[in-house]
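**Student:** Need the 3D shape of this:
(chains A and B)
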Amino acid sequence: EAEVAQSPRYKITEKSQAVAFWCDPISGHATLYWYRQILGQGPELLVQFQDESVVDDSQLPKDRFSAERLKGVDSTLKIQPAELGDSAMYLCASSTNPGTVYEQYFGPGTRLTVT
Amino acid sequence: RKEVEQDPGPFNVPEGATVAFNCTYSNSASQSFFWYRQDCRKEPKLLMSVYSSGNEDGRFTAQLNRASQYISLLIRDSKLSDSATYLCVAKSSSNTGKLIFGQGTTLQVKP
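**Tutor:** All right, here's what the predicted structure looks like:
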């Protein structure tokens, strides 16, 4: 069964350092999402791509976060500089067509700890 | 006020019990609803969609009340393996299909 791949699975970094996460969606899925999940809360959408274009980044802290999906396939989420409050699970998901009833498939996530 | 609200629990129930989770949503324009299951330190996975007429999948029954903006999930004959966090999800009316997650309800089934 096809899966969403993410790396690294775990990342520990010091505050003010830069950190990057990578996601490879299920082949053929045009829509890619990055979520942040703080412990005890549900996932919150940071950014959504349709192919290589950003369609929703309203909740992305743009002063420190950036995301790209240059060829419309895999994607990178970057934080620079990291802050203590960024400690969370970063989940990537993909889906076929967001305009219909559809399922988002999640990757295993990257657990970030900022010290 | 959060757009999707759930009681975080935890709900501690014995094996074989019936347990119900409730969820409310604030945006009446929300079109579709789902329940996702998330095991400890794992990614969320779709459990079931929620239809206006109510729907059942084995031991799981989901219901939607649009007038009250209320969603429920009923689990019958609870198993130890049902222990997880259950996330209530609303799909926004925007053309991006944004999903709004509740904070989750934790279920612990005891032997």
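
**Student:** check which helix or strand covers the residue nearest in space to the middle of chain A.
**Tutor:** Centroid check for chain A by C-alpha atoms, centre = their mean gives A:Trp34 as the closest residue, at 2.7 Å. For A:Trp34, the element it lies in under DSSP states H and E is strand A:31-37.

**Student:** Tell me the strands beside that strand, with direction?
**Tutor:** As defined by DSSP bridges, the strand partners of strand A:31-37 come to strand A:44-50 (antiparallel), strand A:88-95 (antiparallel).

**Student:** what does it rub up against?
**Tutor:** Under the contact criterion C-beta atoms under 8 Å, 6 or more residues apart in numbering or on different chains, strand A:31-37 has outside partners A:23, A:25, A:43-50, A:67, A:69, A:75, A:77, A:88-98, A:104, A:109, B:97. Placement of C-beta: from N, CA and C, glycine included.

**Student:** how about 7 Å then?
**Tutor:** A:23, A:25, A:43-50, A:67, A:69, A:75, A:77, A:88-95, A:98, A:104 (C-beta atoms under 7 Å, 6 or more residues apart in numbering or on different chains).

**Student:** Whichever of those residues end up buried, select them in ChimeraX.
**Tutor:** Restricted to buried positions by 16 or more other C-beta atoms under 10 Å in any protein chain shown, the ChimeraX selection for the contacts of strand A:31-37 reads:
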select /A:23,25,43,45,46,47,48,49,50,67,69,75,77,88,89,90,91,92,93,94,95,98,104
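
**Student:** Residue numbers of chain A in contact with chain B?
**Tutor:** Neighbours of chain B within chain A, by C-beta under 7 Å from any C-beta of the partner chain: A:40-43, A:45, A:48, A:55-56, A:91, A:98-99, A:101, A:103-104, A:106-109.

**Student:** what does chain B have sitting close to chain A?
**Tutor:** For chain B, the contact set with chain A under C-beta under 7 Å from any C-beta comprises B:32, B:43-44, B:46, B:49, B:87, B:95-99, B:101-104.

**Student:** Could you rerun that using 6 Å?
**Tutor:** By C-beta under 6 Å from any C-beta of the partner chain, the residues of chain B that approach chain A are B:32, B:43-44, B:46, B:87, B:96-98, B:101-104.

**Student:** Who wins on neighbours among the residues you listed?
**Tutor:** Within these, most neighbours by other C-beta atoms under 10 Å in any protein chain shown means B:Pro44, with 28 neighbours.
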